[in-house]
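Colleague: predicted structure and sequence below. I'll ask about it afterward.
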Amino acid sequence: MHREPANLYAHLSAAFPADPGLPALETGAGESWRYADLDTESARLAAFLRRLGIRPGDRVSVQVEKSPRALCLYLACLRAGFVYHPLNPGYTAEELGYFLGDAEPAIVVCDEARRSTIEKLAATAGIRHVHTLGRDGGSLVDASCDEAADGRVESVEPRDLAALLYSSGTTGKPKGIMLSHANLLANTRTLVSAWGFTERDRLLHALPIFHVHGLFVGIGCALLSGASMRWLAKFDAAEVLRFLPECTVLMGVPTYYTRLLAQPGLDAGACRNVRLFVSGSAPLLPETFAEFEARTGHRILERYGMTETNMNTSNPLDGERKAGTVGPPLPGVEVRVVDDAGNTVPAGDIGRLQVRGPNVFEGYWRRPEKTAEDFTADGFFDTGDQASIDEDGYVAIVGRSRDMVISGGLNVYPKEVERVIDELPGVRESAVIGVPHDDLGEAVVAIVVAADGSADEARIIAAARERLAGYKTPKKVVIVDELPRNTMAKVQKNRLRETYRELFRRSRQ
C-alpha cells in the first residue's frame, strides 16, 4: 500500500507550477526568483550542509535578515530533514547564548555583522560550524555555489521535527516548541483550503520570517498553492500601499492595518485586486475592523493561532466575519472552553481555551514534565488564553491568563523582562505589563519599586536594551513606592493595567 511522503518539502514542491520558470517571488527592488530557483538553490544548500556532516534531526540555528536566500535555507532544511531553528534578528548576545546552549545546533547561520559575536557564543556552546548569509550572499552561498543541486528529499516520519521555535513562559526561561512535518503540513493544507488559495494568487509578504505567521502561514499558503509573492524585507506602510494593487492577499498583524489606515491613499481603488486581508498574532480592535471596512469595502478576516499550534480558528472566507472574534475552529481542529475544574462551560461563558488537532505541536524540547503539565489526559493543549465561544461556535479571546504582552504582533513574556530589570542596581522589584498603544496594540511598561531612590527611567530602559531585544524593552518605566498585592501577596497586574491603561494617551496630550 502506497504511503504519501511525510516530508513537508515533498508536498510543497509537488504543488509548484508545471512551468518552473514562473515567478515564486519578486522583491520590493524588483529581483525575481522563479520556482526553479527556489528548488535549485535549496537543493544546493542542502547538499553542502550534508557534506559538512549535518544529519537529519540536527538543528540549524538561523539569525539572519529576511531575504529570498533565507527562504531557500529554510527549504533546504526541510528537504534534508534538518530541524530549522529561526531566531529573531533583534535578539541580544545574552539571549542568543541561551538559545544556542539549549537547542545545541550543529551549525549557526548569521548575518556578517554578527559573525564575531556568534563565533564566540558557538565556541562556548561547542558548536563547530558558523556561516553567514545575507541578501547579497555570504559564506554559506560562496561555499555551496559549486555543489551539485542534488534533488533528493529526505525520507522522514510524520512526527519527525521540521522546526524548533522558542516561546518564553511564566518562569522567564524560553521553551523550545517542537513542530513536526505532520503539524505544518496539516495546518498549511487546511489554510490553503479555508482561505481559497490558488496559483492565481499573489501574496503581499511583508511579515518577518522568524515566527509562525510569516514563515509557516504566509510562505506555506503561497508555496502549497503555487501562488506568487511580492516579497518585502519589512513592513513599510507606503511601500505596502504601492504594491497592494497588484496583489490578491495581504497577511498582517493589527499594527499593519492601523498604519495603513494612516495612509491617505488607502481606499477601495488601492484594494481593487485584493480578495482577502488576514489579521492575526494579536487582537484586532473592533474600531480598526470597522474603519478598514469603511475605507476599503473589505472586512478583515481575523484568525487565531500560536507558536505551539499554528492556526486554530478563523473567521470564514465565505460567511459572516464577526468583529471581535477569531471565528470558529478550522476543519480538523477541536476547541473547548473549560473552568478551573476542567469542566466545559456554557456558550458565552469565559474560561480557559483548550485545543486539540493535528496542528498541535509535539511537545516542549527536552521538557517532558512541562509538556505533560500543559496537555490534558484526553489530549487537549491548554493555551493559557481566556476565551468564550458563542452559540454560533465563534471564539472570542478575552484575555491571557499568563499575562503575556503582544507588542506589534510579537510575544513578550513579562517574567523574562522582570528578571533583567530586577537585577539592576537601585531596583527592588518590578512588574511588567502591557498597556494599550495605538500603533503597537500593546506597549511594554515596567512598574518599578526603587530600592534606594536611585532608580531612573532612562537608565533602566538603556540597561534593559543591552540585554533584551528591542520589542521586549519597556517603552516606559514608572517608579512607584509599592506594587498592589492580593491577600496571598501576589502582584495584581490587572490593577496595574487598569491604572496605566491611558498612559500613552495622556503622554500625547
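Modeller: Thanks, I have it.

Colleague: can you tell me what sits against stretch 331-339?
Modeller: 186, 190, 193-194, 312-313, 329, 344-345, 349-359, 380, 387-389, 395 (Cβ atoms under 8 Å, 6 or more residues apart in numbering). Bear in mind the C-beta positions are built from the backbone N, C-alpha and C, glycine included.

Colleague: just the buried members of these?
Modeller: Those of the contacts of stretch 331-339 that meet the buried threshold are 186, 190, 194, 312-313, 329, 345, 351-359, 380, 387-389, 395, by 16 or more other Cβ atoms under 10 Å.

Colleague: could you tell me which of those residues belong to strands?
Modeller: 312-313, 351-356, 387-389, 395 (DSSP state E).

Colleague: among those, which pair sits farthest apart?
Modeller: R356 and S388 (18.4 Å; Cβ to Cβ).

Colleague: need the nearest residue in space to the residue located most distally from the centre of the chain, chain neighbours excluded.
Modeller: Most distant residue from the mean C-alpha position of the chain: D452, 39.5 Å away (Cα atoms, centre = their mean). Nearest non-adjacent residue to D452, counting by Cβ to Cβ, 6 or more residues apart in numbering: G426, 5.8 Å away.

Colleague: show me the contacts for that neighbour.
Modeller: Contacts of G426 (Cβ under 8 Å, 6+ apart): 450-456.

Colleague: in strands, which of the residues you listed fall?
Modeller: Per DSSP E, the contacts of G426 map to strands at A450.

Colleague: okay, now the unreliable bits of the chain?
Modeller: 1-2, 168-172, 400-402, 486-489, 506-509 (pLDDT under 70).

Colleague: residue contacts, the residue nearest in space to the middle of it?
Modeller: Residue closest to the mean C-alpha point of the chain, counted by Cα atoms, centre = their mean, is H211 at 3.0 Å. Contacts for H211 (Cβ under 8 Å, 6+ apart) come out as 86, 88, 165, 307, 410.

Colleague: just checking, A464 touches V417?
Modeller: Yes: the pair A464 / V417 is scored as a contact, 7.0 Å apart, by Cβ atoms under 8 Å.

Colleague: shared neighbours of the two, anything?
Modeller: Residues touching both A464 and V417 by Cβ under 8 Å, 6+ apart: 446, 472-474.

Colleague: thinking again about what came up before, which one (most neighbours) among the contacts of G426?
Modeller: Neighbour tally across these (other Cβ atoms under 10 Å): the maximum, 20 neighbours, falls on A455.

Colleague: check contacts around that one.
Modeller: Taking Cβ under 8 Å, 6+ apart, we find A455 in contact with 424, 426-427, 448, 479.

Colleague: out of those residues, which end up buried?
Modeller: Buried among the contacts of A455 (16+ other Cβ under 10 Å): 424, 427, 448, 479.

Colleague: among the residues you listed, which one lies nearest to I433?
Modeller: Taking the buried ones among the contacts of A455 together and measuring to I433 by Cβ to Cβ, the closest member is V448, at 11.7 Å.

Colleague: the spatially closest residue to that closest one that is not a sequence neighbour: what secondary structure?
Modeller: With Cβ to Cβ, 6+ apart as the criterion, V448 has its nearest non-adjacent residue at 4.8 Å, and that residue is S430. Look at S430: counting by DSSP: H, G, I helix; E, B strand; the rest coil, its state is strand.

Colleague: with the one 4 residues further on instead?
Modeller: Here G434 takes the strand state, with states given by three-state DSSP.

Colleague: so what pairs up with it in the strands?
Modeller: Per DSSP bridges, the residues bridged to G434 are V444.

Colleague: mind checking how far it is from P174?
Modeller: From G434 over to P174 the distance is 19 Å, taken as Cβ to Cβ, to the nearest Å.

Colleague: and those two? Which one has more around it.
Modeller: The neighbour comparison of G434 against P174 (other Cβ under 10 Å) goes to G434, with 24 against 18.

Colleague: circling back to that earlier point, from the buried ones among the contacts of A455, which two are the most distant?
Modeller: Farthest apart among those by Cβ to Cβ are L424 and I479. That separation is 12.5 Å.
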